[in-house]
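S.K.: generate a structure from the sequence data that follows.
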Amino acid sequence: MVGVKKTPPSAAVEQVDTRYLQTLLGYNARRAALSIIGVFLERLAVYGLKPVDFSVMSVIHHNPGVTSRQLCASLSILPPNLVGLIQSLESRGLIERKPHPTDGRALGLHPTAKGVSLMQQAEVTASELEIDASSKLTASQRQTLVQLLQKIYL
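M.R.: Numbers count the residues shown, from 1 in each chain. Just a heads-up that it's a prediction; the model follows:
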């Protein structure tokens, strides 16, 4: 064809350069989270808990009577996203709603005996998997990392 200029082939990338990304806190935090979440999904599948289910159940387990509003605030969950999750946990027999002792409009969320038993087992599994997933760190380094990350969002 007349007037059509051929573009030279582009160079092949032999090794991807991510050095800049590796200087970014968000990139590193996300990569670490993805690594741990992968192991989490695998090991907690036996309990039927995804990360958000686990977080909600853990808060309810350690704070019987917590309200949905408090859950949303403590876990940064939007209220519409929590509604279906609470219904699902309730239908599985893991939590129950009871009238709040001081706020007649609110309901407290309580773990059932089944929910308590599940969370006792699931939290042991979660603690073990975090140690395994961060095996390149010492216990002291792991604790320091957690404290440093908390300084960002707490």
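S.K.: how close does the most centrally placed residue in the chain get to Leu41?
M.R.: When the chain is reduced to its mean C-alpha position, the closest residue under Cα atoms, centre = their mean turns out to be Pro51, at 4.1 Å. Using Cβ to Cβ, to the nearest Å, Pro51 is found at 8 Å from Leu41. All C-beta atoms are positioned from the backbone trio N, CA, C, and that covers glycine.
S.K.: same check on Leu129?
M.R.: 10 Å.
S.K.: okay, these two: which has more neighbours?
M.R.: Leu129 (16 against 12; other Cβ atoms under 10 Å).
S.K.: which of the helices or strands spans the more buried one?
M.R.: Leu129 belongs to helix 113-133 when assigned by DSSP states H and E.
S.K.: list the buried residues of that helix.
M.R.: Using 16 or more other Cβ atoms under 10 Å as the test for burial, helix 113-133 gives 115-116, 118-119, 122, 125-126, 129, 133.
S.K.: got a markdown table for these, with distance to Tyr20 and pLDDT too?
M.R.: Shown next, in a markdown table, are the buried residues of helix 113-133 (distance: Cβ to Cβ, whole Å; pLDDT from 0 to 100):
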| residue | distance to Tyr20 | pLDDT |
| --- | --- | --- |
| Gly115 | 45 | 98 |
| Val116 | 47 | 98 |
| Leu118 | 43 | 98 |
| Met119 | 41 | 98 |
| Ala122 | 38 | 98 |
| Thr125 | 36 | 97 |
| Ala126 | 33 | 97 |
| Leu129 | 31 | 95 |
| Ala133 | 26 | 92 |
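S.K.: figure out the helix or strand that Val146 lives in.
M.R.: Counting by DSSP H and E, the element that carries Val146 is helix 139-153.
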